[in-house]
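my questions are about this predicted structure, shown below with the sequence.
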Amino acid sequence: MPQKSTEAYPYAFTVSYVERVWQHRWRCSDVTFHCLEGALCQQWVQTIREQLTALTSRPKHLLVYINPYGGKQQGERIYEQKVAPLFTLASISTDVIVTEHANHARDHLRTEAELKQYDGVVCVGGDGMFSEMVHGLVSRTQRDNGVDQNSPEEKLVPCTLRIGIIPAGSTDCICYATVGINDPVTSALHIIVGDAQPMDVCSVHHNNTFLRYSVSLLGYGFYGDVLADSERKRWMGPARYDFSGFKTFLTHHYYEGTVSFLPATDILGTPRDKTRCRAGYVLLYKCNLSNNIHNQLCSLVLYPHVWGWRVIRGKFLAINAASMSCACPRSPKGLSPAAHLADGTTDLILVRQCSRFNFLRHLLRHTSKYDQFDMTFVEVHRVRRFRFTPRYCQSDSELDLRENGKRLFSQICRDHPACSCSPAYSSWNCDGEILPHAAIEVGYVTTPYNLLCKYTVHSESIQTHSLFPHFVTLQPCYKMDKIKTHQSTHNTPS
Ligand SMILES: Nc1ncnc2c1ncn2[C@@H]1O[C@H](COP(=O)(O)OP(=O)(O)OP(=O)(O)O)[C@@H](O)[C@H]1O
């Protein structure tokens with residue numbers, strides 16, 4: 001600000017706000033307002049403070065878990081340098097726990113954490129850390145409410161606490177699919193402004209025993225085999241996924257079994273919709289419905305009339321259940337581009353036995369804008385529940401798919417000599433973890449918690465550099481000589 005104006009308006013205050021700088025990337029900017037009178041300045045500060053305090057959706061106290069070993073092992077640095085300063089600016093107090101071992105966050109949330117004192121729980125890490133938090137929080141909520149987690153018939157009780165994720169992992173698919181970008185600052189700003197997005201969770205069972213929750217991808221066949229192989233090659237770092245992916249593609253194993261599912265027949269959207277919705281239901285985007293109508297529609301689809309179970313037997317290269325789009329930087333539209341985050345369904349994608357060339361075409365569709373499901377050997381169903389039973393039933397001694405891959409393979413070939421090329425079982429990849437059973441039942445897809453993030457639905461209509469009505473924080477009222485000078489901005493409260 002020119003020296004003359006500074007003298008004319010000696011009082012000032014600075015407002016920080018969130019700015020969209022490029023597509024889904026957000027940044028914090030600030031603007032300084034200059035006043036003639038100290039009292040007027042103080043009045044402005046006071047009023048804006050009151051407005052900010054009245055915003056109940058914003059978190060004030062957060063519990064933060066940092067995985068120091070996720071991704072490129074930058075979790076602590078990312079938090080200290082990029083996230084903590086923003087939380088401080090927004091007057092958010094935090095309790096920070098740097099995890100010391102796998103499942104530290106899960107067990108702490110499940111048993112010790114004093115959850116009542118927090119407005120949300122945030123993890124700094126990848127999808128594995130996020131899954132730990134989901135397991136800790138959802139398990140604790142079900143236990144506190146007397147829900148039997150082992151029963152696939154039971155619907156999950158919602159958690160009151162919200163969950164946030166700061167991307168610091170290898171793939172960060174959940175962050176990408178919900179925020180639209182893997183950027184720690186953008187995620188921190190979504191958390192600060194209190195954006196929240198309900199999310200579906202599937203509970204996975206075997207013989208009426210709870211195995212795990214899934215929020216993104218349950219994959220048998222191709223994605224299970226890729227994960228199982230890549231786990232044995234951890235020493236290769238992130239390159240292991242490419243290596244194992246290529247190897248699994250070449251082996252081209254198919255698996256026989258029976259898929260039974262309960263179709264979600266009464267909902268309006270389908271997995272082949274062209275439009276995208278990251279806020280629960282597609283009509284919000286298509287017809288610009290008001291939030292009220294959107295909420296009514298969401299509750300409508302949560303209490304549906306359901307038709308009977310359908311059964312499909314066959315030989316499958318892949319069976320995938322996508323509870324969200326599963327978009328990631330490599331597959332910007334994801335495995336099921338039109339999947340909704342919170343409509344109580346999952347998109348069940350069946351890829352039947354086909355030639356390698358056709359399977360390659362199918363995989364390449366994940367990276368293109370063309371319809372993923374427009375192939376004769378691919379079918380997709382929006383379902384509320386499903387089961388899978390492999391053709392050759394397992395005995396319990398054969399179940400340790402994680403560690404005994406080779407032993408299992410030879411055992412299977414012994415037991416099933418007709419099988420000369422494909423093993424009888426694959427593994428289930430459940431959000432990046434291998435399940436110990438091939439026969440599974442997925443309970444009702446429910447929406448038990450809110451994610452502190454949001455993939456803005458009307459993104460196309462918002463101009464870059466637009467000012468969001470979210471004041472992040474307010475600097476105190478200073479005399480002009482105490483604040484930093486902003487040459488480019490000159491705002492004067494009237
Ligand atoms: N202190 C720790 N030491 C070892 N392992 C940990 C620790 N804290 C968390 N973990 C485990 O590390 C696993 C991987 O972490 P995370 O998901 O953060 O990173 P990633 O696997 O690199 O990323 P992504 O899941 O996005 O590919 C998690 O399953 C978690 O259980």
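Good, I have the coordinates.

could you list every residue that touches the spatially most central residue of the chain?
For the chain, the residue nearest the mean C-alpha position is Ile174 (2.9 Å; C-alpha atoms, centre = their mean). By C-beta atoms under 8 Å, 6 or more residues apart in numbering, Ile174 lies in contact with 127, 130, 165, 215-216, 324. The C-beta positions use only the backbone N, C-alpha and C, and glycine is treated the same way.

same question, Gln372
By C-beta under 8 Å, 6+ apart, Gln372 lies in contact with 333, 335-337, 349, 362, 365-366, 378, 380.

I'd like those laid out as JSON lines, including secondary structure.
Formatted as JSON lines, the contacts of Gln372 follow (DSSP: H, G, I helix; E, B strand; the rest coil):
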{"residue": "Lys333", "secondary structure": "coil"}
{"residue": "Leu335", "secondary structure": "coil"}
{"residue": "Ser336", "secondary structure": "coil"}
{"residue": "Pro337", "secondary structure": "coil"}
{"residue": "Ile349", "secondary structure": "strand"}
{"residue": "His362", "secondary structure": "helix"}
{"residue": "Arg365", "secondary structure": "helix"}
{"residue": "His366", "secondary structure": "coil"}
{"residue": "Val378", "secondary structure": "strand"}
{"residue": "Val380", "secondary structure": "strand"}
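
using PyMOL, define a selection of the buried residues within these.
Command for PyMOL that selects the buried part of the contacts of Gln372, burial taken from 16 or more other C-beta atoms under 10 Å:
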select buried, resi 333+335+336+337+349+362+365+366+378+380
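
that older thread, pick out the most distant pair among the contacts of Ile174.
Distance extremes for the contacts of Ile174: the farthest pair is Ile165 and Met324 at 12.9 Å, using C-beta to C-beta.

need the overlap of contacts for the two.
With C-beta under 8 Å, 6+ apart as the test, Ile165 and Met324 both reach 174, 178.

who has more neighbours, the two?
Between Ile165 and Met324, counted using other C-beta atoms under 10 Å, the more crowded position is Ile165 (28 against 25).

how close does the more buried one sit to Val204?
21 Å (C-beta to C-beta, to the nearest Å).

how about Arg25?
Arg25 sits 34 Å away from Val204, going by C-beta to C-beta.

more neighbours, the two?
Neighbour count, other C-beta under 10 Å: between Arg25 and Val204, Val204 has more, with 21 against 16.

helix/strand/coil for the more buried one?
Here Val204 is recorded as strand under three-state DSSP.

who is it paired with across the strands?
Arg212, Val442 (DSSP bridges).

show the model's pLDDT score for it.
Looking at Val204, its pLDDT reads 95.

contact partners for the residue in the stretch 1-150 of the chain positioned nearest to the ligand?
Closest residue of the stretch 1-150 of the chain to the ligand, C-beta to the nearest ligand atom: Gly126 (2.1 Å). Counting by C-beta under 8 Å, 6+ apart, Gly126 makes contact with 67, 70-71, 167-172.

roughly how far does the residue nearest to it when sequence neighbours are not counted sit from Trp26?
Excluding the flanking residues, the one nearest Gly126 by C-beta to C-beta, 6 or more residues apart in numbering is Gly169, at 1.5 Å. As judged by C-beta to C-beta, Gly169 and Trp26 stand 20 Å apart.

check Arg385 too.
Look at Arg385 and Trp26: by C-beta to C-beta, they are 37 Å apart.

ok, Gly136 next?
From Gly136 across to Trp26, the span is 28 Å (C-beta to C-beta).

I'd like to know how many residues surround the nearest residue to Ser203 once chain neighbours are set aside.
In this structure, Ser203 finds its nearest non-sequential neighbour in Gly443, 4.2 Å apart by C-beta to C-beta, 6+ apart. Neighbours of Gly443 under the rule other C-beta under 10 Å: 23.

identify the residues contacting Gly443.
Contact partners of Gly443, counting by C-beta under 8 Å, 6+ apart, are 151-154, 202-205, 385.

which ones, among those residues, also lie beside the ligand?
Among the contacts of Gly443, not one lies near the ligand by C-beta under 6 Å from any ligand atom.

could you dump those to JSON lines with distance to Trp428?
Formatted as JSON lines, the contacts of Gly443 follow (distance: C-beta to C-beta, whole Å):
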{"residue": "Ser151", "distance to Trp428": "19"}
{"residue": "Pro152", "distance to Trp428": "15"}
{"residue": "Glu153", "distance to Trp428": "20"}
{"residue": "Glu154", "distance to Trp428": "21"}
{"residue": "Cys202", "distance to Trp428": "11"}
{"residue": "Ser203", "distance to Trp428": "13"}
{"residue": "Val204", "distance to Trp428": "8"}
{"residue": "His205", "distance to Trp428": "12"}
{"residue": "Arg385", "distance to Trp428": "16"}
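
so which of these comes closest to the ligand?
Val204 (16.4 Å).

can you pull the residues of the chain lying near the ligand?
Residues of the chain lying near the ligand (C-beta under 6 Å from any ligand atom): 67-71, 99-104, 125-129, 132, 169-172, 432.

narrow these to those that are buried.
Buried among these by 16+ other C-beta under 10 Å: 67-68, 70-71, 99, 104, 125-129, 132, 169-172, 432.

which of those residues fall in helices?
For those, the ones inside helices are 104, 127-129, 132, with DSSP state H as the criterion.

so the closest residue to the ligand within the stretch 251-400 of the chain bridges to which residues?
For the stretch 251-400 of the chain and the ligand, the shortest gap (C-beta to the nearest ligand atom) falls at Cys328, measuring 9.0 Å. Cys328 forms beta bridges with Ser331, as assigned by DSSP bridges.

if anything else comes up later, I'll come back, but that's it for now.
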